[in-house]
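Peer 1: Provided below for reference: sequence and predicted model.
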Amino acid sequence: MKSIKFDRNEVAGAFGDLGTFIPFVLGLIVVNGLSATSVMTMYGLAYIFTGIIYGVPIPVQPMKAVAAISISQGASPEQISGTGLVLGLFFVVIAMTGLVKTIERLVPKYVVRGIQLALGVKMILVASNYIFQGSIGGWVTSAVAISIVLLFYDSRRIPSSLLLLSVVGILNIFRLENLVFLFEGLRFSLPKMLDPDVSSIFQGFLTLGLPQIPLTIGNSIIATALLSRDLFPRGKVSVKRLSLSLGFMNSIFPFFGGIPICHGCGGLASHYRFGARTRTSILFIGVLLISLGLFFGEASTNFFNLIPMNIVGVFLLFAGIELSMVVRKANITDKSGLLVMFAVTGMSIIFKYGMTVGIIIGPLLLYALKSRNNEKHIKTLLSGLHQSGLRMSVKILKPTYFEEAFDKFVEAVDVKIEDSEEVSSLDAVGRVLSEDVVSIVKIPPEDMSVMDGYAVRSEDTQEATNKKPIQLKIVGRLYPSSSKEDVKVSKGEASYVTTGAPIPLGADAVEKIEFVRVKGRQIQLRRPVKKWSFVAIKGEDISEGVILKRGQTLRPQDVGLILGIGKTKVRVLRKPRIVILSVGDELTDLDREDTSKKMSNYSLIVSRLLEDLGADPKIIGVAPDESKVVAERLARGLDEADVLITIAGISVGEKDIVPDAVKRLEPRGLIIHGVKMKPGSVTGLGTIRGKPLVALPGHIASTLAGFYTFVAPIVAYIQGLGVKPPLPIVRAKILQKVERHSVMMFLLIRVKDEDGLLAEPVMGGSSLLRRIIEANGFLILPAQNEIEEGEEVNVTLFSRHELNRIYDRHSS
């Protein structure tokens, strides 16, 4: 058997598995924000590696469970990467120890099929959400796309998914702005490293990885090995080698942004069906994907982002249907097996970790049913399930572009602080005036000297020169406590005055003391003095009338002015009242010592940041992961709050119950759930009785992203200060290039002073508090924008205190 055979059949066979590749990869790039450069380059390397070691067209496929759950639950790139790394090590270990077949025996096929069916249903639900979003025009587009796929669904010559992708691409290119957008991405780019933290790895593996294990062992390893022996009897494909190869690839490629990958029995059949017989087809598609990734990766990202979400939904719909077709393989006479399959499906859909639980409970349930031979009860239960239907609840993230999300949020807010309070002028710095400050006095109240010197009549000094000085008689002395009537200056006379002293009657100018020579009771002047020199004329500083307008934020100098006109009290808007509620069974209140739980310290961070913005925050404790309790706490806080903030419980997992809690108080629920930004993509926005609610994510970088992009602006807005929060901004030179992304990026920045201000991006996982400690500001990069190394950027500092840290050498 030749291992290299380049002909038309091999080329056609190379594209045989695109029906699996396109929907899942498209979803992971568009929905989860993975880099097209990284995904395609690593995918291509995996194909080449596989082709070299096997010599036959062994496929490379996305791990379907990982991909489907990631897309339906909005998993982060770090969680996806971490899952791949752990799975890679796992499959290397079971290959070396021979545990592959043991695990296959322990997890019955009905459990595996139940998980596959659940994945299919989840994908279909997510797809339906995308297909039916938007206008009727979007629905029509979806219907046309579905028709194209159905028409070519069984075509051996043209993969339907590739045809649909081509049609969408051609239609997009006809629009000039889209063509320009695509050409902007035509450049060489390298895969981006990912650095998943421990939390991302653990949560990713628990949610995404465990359900994948039985699927991979059953389909990717054992079934693929069996089919390979039938198709290529002389091949060297074995269970151990397949486990090792996919384990090796997943131990390395996810570090470089690659998706978790596996082999697949269906993929092998597809490659073979389209004509692949040697490694040529696999090497060909591998080289093609690497080339696309390195040279057209950014353009591909731009292309994928131009695809309407209705079309993305169509791709995901047929991927879900294909996964669900596993039900056809079930033996309908095996009632026990059917019950277990549907039970695992139900658990997997309803509960966040249902697939993991199903892997454990499913075999035990099947064993119990088989051993008791309880077929009668099984029939009854199956009938009940059929009549009532499985109640399935899947939370779907609906990400909205940042600008649209912000505008919708502000438009829905019906709160403006108008009630005021009277405070001491001494305590008014940072407060917002609720009324104009009116002066009924003039400052200075009379003509006043602004220098120590001598008050004179300017006309008496016009002949004075250095050679011919004039002499004036000293007739008195005036101080700030004196009255102008105490001294009268006539022709040829002068009066001593200090700074702040009134100008005596008859005088109209002051000569500074350093230019005056005193001789006894007379002074000598050696230069003329202009009229009103060094004199503050009555009312020159402050005239009668409005001196500060309503809505101004008071500064120290403003308060000094208010005190200067004799006002010891001033009316200001009351501070915005912000209620903060943390959510999570694992959290405890700040004032409780419970070592078994984590302290809700993020609420304290948010609270202090709000104080810096002039707000009056109130932490109302921690609520468990129960929507009813969260709703009750929010309802109690509503009476005293202008703005409501929740922290955590806002993603799409089983225990992310904040959206449900909001629905209990506001039937329409959140206005926005999911924003196209990183981090902070699961941020929720809504109103309850017109009062704004911001549901912040639980990872600290995501918490801050939501805080500064939505909370800080809305706090300013309800005070009538616009939507730009009062935060200091500095201009700095960035130290490294920032690549463009398909979503808005909230970049943590460390500004430092080294012969000028430098901006250094602070990288790491979204859950690392260390990143926040190192950073002192942030930079918002709009979608599809990039920053070149050395470019000057505007960095918004977290607060005014960060200026001290920038110039403090001890914090460097």
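Peer 2: Noted; the coordinates are in hand.
Peer 1: how about residue 787, phi and psi?
Peer 2: Here is the backbone geometry of residue 787 (degrees, to the nearest 10): phi -130, psi 130.
Peer 1: same check, this time on residue 694
Peer 2: phi -120, psi 120.
Peer 1: contacts only, for the closest residue to residue 228 other than its chain neighbours.
Peer 2: Spatial nearest neighbour of residue 228, excluding adjacent residues (Cβ to Cβ, 6 or more residues apart in numbering): residue 237 at 4.0 Å. All C-beta atoms are positioned from the backbone trio N, CA, C, and that covers glycine. Counting by Cβ atoms under 8 Å, 6 or more residues apart in numbering, residue 237 touches 54, 56, 58, 224-225, 228-229.
Peer 1: now the helices for the stretch 501-650 of the chain?
Peer 2: Assigned helices in the stretch 501-650 of the chain, in chain order: 556-564, 601-612, 627-638 (criterion: DSSP state H, counting those that start in this stretch).
Peer 1: if we can go back for a sec, how would you label the residue nearest to residue 228: helix, strand or coil?
Peer 2: For residue 237, the assignment made with DSSP: H, G, I helix; E, B strand; the rest coil gives coil.
Peer 1: and it, how far from residue 54?
Peer 2: Per Cβ to Cβ, to the nearest Å, residue 237 is found 6 Å from residue 54.
Peer 1: low-confidence ranges, the stretch 701-812 of the chain, go.
Peer 2: The model of the stretch 701-812 of the chain has pLDDT under 70 over residues 764-769, 808-812.
Peer 1: mind listing the strands for it?
Peer 2: 729-734, 744-753, 757-761, 777-781, 792-797 (DSSP state E, counting those that start in this stretch).
Peer 1: would you turn the ones you listed into CSV with mean neighbour count and distance to residue 488?
Peer 2: Compiled in CSV, the strands of the stretch 701-812 of the chain are given as follows (neighbours: other Cβ atoms under 10 Å; distance: least, Cβ to Cβ, whole Å):
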stretch, mean neighbour count, distance to residue 488
strand 729-734, 16, 56
strand 744-753, 22, 58
strand 757-761, 18, 59
strand 777-781, 21, 62
strand 792-797, 18, 58
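Peer 1: distance to residue 702 for those - can I get that in JSON lines?
Peer 2: Listed next are the strands of the stretch 701-812 of the chain as JSON lines, based on distance: least, Cβ to Cβ, whole Å:
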{"stretch": "strand 729-734", "distance to residue 702": "22"}
{"stretch": "strand 744-753", "distance to residue 702": "9"}
{"stretch": "strand 757-761", "distance to residue 702": "16"}
{"stretch": "strand 777-781", "distance to residue 702": "12"}
{"stretch": "strand 792-797", "distance to residue 702": "17"}
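Peer 1: before we move on, the earlier item: weed out the non-buried ones from the contacts of residue 237.
Peer 2: Taking 16 or more other Cβ atoms under 10 Å as the criterion, what is buried in the contacts of residue 237 is 54, 56, 58, 224-225, 228.
Peer 1: okay, those residues in a markdown table with secondary structure and pLDDT next?
Peer 2: A markdown table is the format used below for the buried ones among the contacts of residue 237 (DSSP: H, G, I helix; E, B strand; the rest coil; pLDDT from 0 to 100):
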| residue | secondary structure | pLDDT |
| --- | --- | --- |
| 54 | helix | 88 |
| 56 | coil | 87 |
| 58 | coil | 88 |
| 224 | helix | 72 |
| 225 | helix | 74 |
| 228 | helix | 77 |
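Peer 1: which one of these is nearest to residue 342?
Peer 2: Lowest distance from residue 342 to the buried ones among the contacts of residue 237 (Cβ to Cβ) belongs to residue 224, with 27.0 Å.
Peer 1: my guess is that closest one meets residue 245, correct?
Peer 2: No - between residue 224 and residue 245 there is no contact under Cβ atoms under 8 Å: 10.7 Å.
Peer 1: now the common contact residues for these two.
Peer 2: residue 263.
Peer 1: out of the buried ones among the contacts of residue 237, which is nearest to residue 475?
Peer 2: For these, the closest approach to residue 475 (Cβ to Cβ) belongs to residue 58, at 111.4 Å.
Peer 1: how about that closest one: what's its closest non-neighbour residue?
Peer 2: Nearest one to residue 58, counting by Cβ to Cβ, 6+ apart, is residue 50 at 5.1 Å.
Peer 1: how about residues contacting stretch 611-622?
Peer 2: Contact with stretch 611-622 is made by 430-432, 553, 574-584, 587-590, 600, 603-604, 606-607, 610, 633, 636-637, 640-641, 712, 715-716, 719, 725-727, 799-801, as judged by Cβ under 8 Å, 6+ apart.
Peer 1: could you do stretch 403-417 as well?
Peer 2: Under Cβ under 8 Å, 6+ apart, the answer for stretch 403-417 is 400, 573-574, 576, 642-643, 671-672, 675, 685-687, 690-692, 709-710, 713-714, 717-720, 723.
Peer 1: would you map out the domains in this protein?
Peer 2: Domains of the chain are assigned by automatic domain parsing as 8-106+160-308, 331-392, 401-414+575-717, 420-442+542-573, 448-536, 729-811.
Peer 1: about what we covered before: buried subset of the contacts of stretch 611-622?
Peer 2: Neighbour-count burial (16+ other Cβ under 10 Å) applied to the contacts of stretch 611-622 gives 430-432, 553, 574-576, 578-584, 587-589, 600, 603, 606-607, 610, 633, 637, 641, 712, 715-716, 719, 725-727, 799.
Peer 1: mind listing what the residue nearest to residue 58 touches?
Peer 2: By Cβ under 8 Å, 6+ apart, the neighbours of residue 50 are 58-60, 245, 263, 282, 286.
Peer 1: got those as CSV, with secondary structure and distance to residue 463 columns?
Peer 2: Shown next, in CSV, are the contacts of residue 50 (DSSP: H, G, I helix; E, B strand; the rest coil; distance: Cβ to Cβ, whole Å):
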residue, secondary structure, distance to residue 463
58, coil, 109
59, coil, 106
60, coil, 102
245, helix, 106
263, coil, 107
282, helix, 106
286, helix, 100
